[in-house]
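Enquirer: Quick one, what's the 3D model for this:
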Amino acid sequence: MLKFFSQAELETFKQQGFLVVRDMYGGKIEQIKAWVDEVQSLPEIPGKYMMYFEDSLLESGKRVLSRIENFCPYHQGFDELINGEEMLQRVSELFGEPAVLFKEKINFKMPGGNGFTPHQDAQAGWNDYASLFITVLISIDESTVENGCLELAGGHHQRGLIGELWKPLTEENIQDMEFIPIPAKPGDAVFFDSYAPHRSRPNLTTDARRVLYLTYNRASEGDHRLQYYADKRKSYPPDIERSPDQKYVFKV
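Expert: Numbering: from 1, shown residues only. The predicted structure follows:
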């Protein structure tokens, strides 16, 4: 079987909790961009893919698309890419055993889109489903410091859960962390595990900073994708499924 990562790359991931792969999808990025455009233009439909919006930081009163999740069942191209042999093999090498998809989303970070406070993905209660996850970031547009690229604190994943569940990391939690910005060109990828602290800043530029995030767990711990989205639809439904008299809060 074809191996994608060298022993040095596997060791980097083990020690740092993340691995940057430049131009991983450079040859396919125009096709992937077209797919993102297709998904981005989908109408909101209750009970299907999950579209979330946020208040613009640049235009008062304007709502902008923040992210879309659970779109694989409704887009063949993405489903084949995300669940395809190459992607699964790459993640499986990092796990050291076969992987299965847990969730998929596109973060759009449109002009005026907000950033994310420092957190570990494991703080979002993912351990109810499996003990460890690996997320693959694929940059669709150029990610820069100015438009809010991903920032990672290397090595701290080895500490396990640092913060409280359902709460961002506190100033005390991160006082010894150095968050490293990871600027990325379209087609670049970043692999990071669910205990790696990360954050991103707002996008106050005039261009979108779209990023594909794909999260996997060990297949030996089960396929939890359907249950995860059923649970999320109940606790934090997409905008079109929300009750006007209820407040919904994104926690981590």
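Enquirer: ranges for the strands of the chain?
Expert: Counting by DSSP state E, the segments of the chain that form strands are 18-21, 50-55, 63-69, 99-107, 116-119, 133-139, 150-152, 180-181, 189-193, 198-200, 211-218.
Enquirer: okay if I get these as CSV plus mean pLDDT and distance to residue 41?
Expert: Where C-beta positions appear, they are placed from N, C-alpha and C, glycine not excepted. Compiled in CSV, the strands of the chain are given as follows (pLDDT from 0 to 100; distance: least, CB to CB, whole Å):
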stretch, mean pLDDT, distance to residue 41
strand 18-21, 98, 29
strand 50-55, 97, 11
strand 63-69, 97, 10
strand 99-107, 98, 12
strand 116-119, 97, 25
strand 133-139, 98, 19
strand 150-152, 98, 25
strand 180-181, 98, 30
strand 189-193, 98, 25
strand 198-200, 98, 24
strand 211-218, 98, 16
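Enquirer: how about the ones you listed in a markdown table, adding distance to residue 240?
Expert: As requested, the strands of the chain are exported to a markdown table (distance: least, CB to CB, whole Å):
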| stretch | distance to residue 240 |
| --- | --- |
| strand 18-21 | 34 |
| strand 50-55 | 7 |
| strand 63-69 | 12 |
| strand 99-107 | 16 |
| strand 116-119 | 23 |
| strand 133-139 | 26 |
| strand 150-152 | 28 |
| strand 180-181 | 34 |
| strand 189-193 | 31 |
| strand 198-200 | 25 |
| strand 211-218 | 21 |
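Enquirer: so which of those strands comes closest to residue 173?
Expert: Nearest to residue 173, of all the strands of the chain, is strand 116-119, at 7.5 Å by CB to CB.
Enquirer: before we move on, the earlier item: need the strands of the chain in TSV with distance to residue 84 and mean neighbour count, can you?
Expert: TSV is the format used below for the strands of the chain (distance: least, CB to CB, whole Å; neighbours: other CB atoms under 10 Å):
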stretch	distance to residue 84	mean neighbour count
strand 18-21	16	20
strand 50-55	22	19
strand 63-69	19	19
strand 99-107	10	22
strand 116-119	28	18
strand 133-139	12	24
strand 150-152	23	24
strand 180-181	30	14
strand 189-193	14	24
strand 198-200	25	23
strand 211-218	11	23
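Enquirer: can you tell which of those strands is closest to residue 166?
Expert: Nearest of those (CB to CB): strand 116-119, 10.0 Å.
Enquirer: I appreciate the help and will end here.
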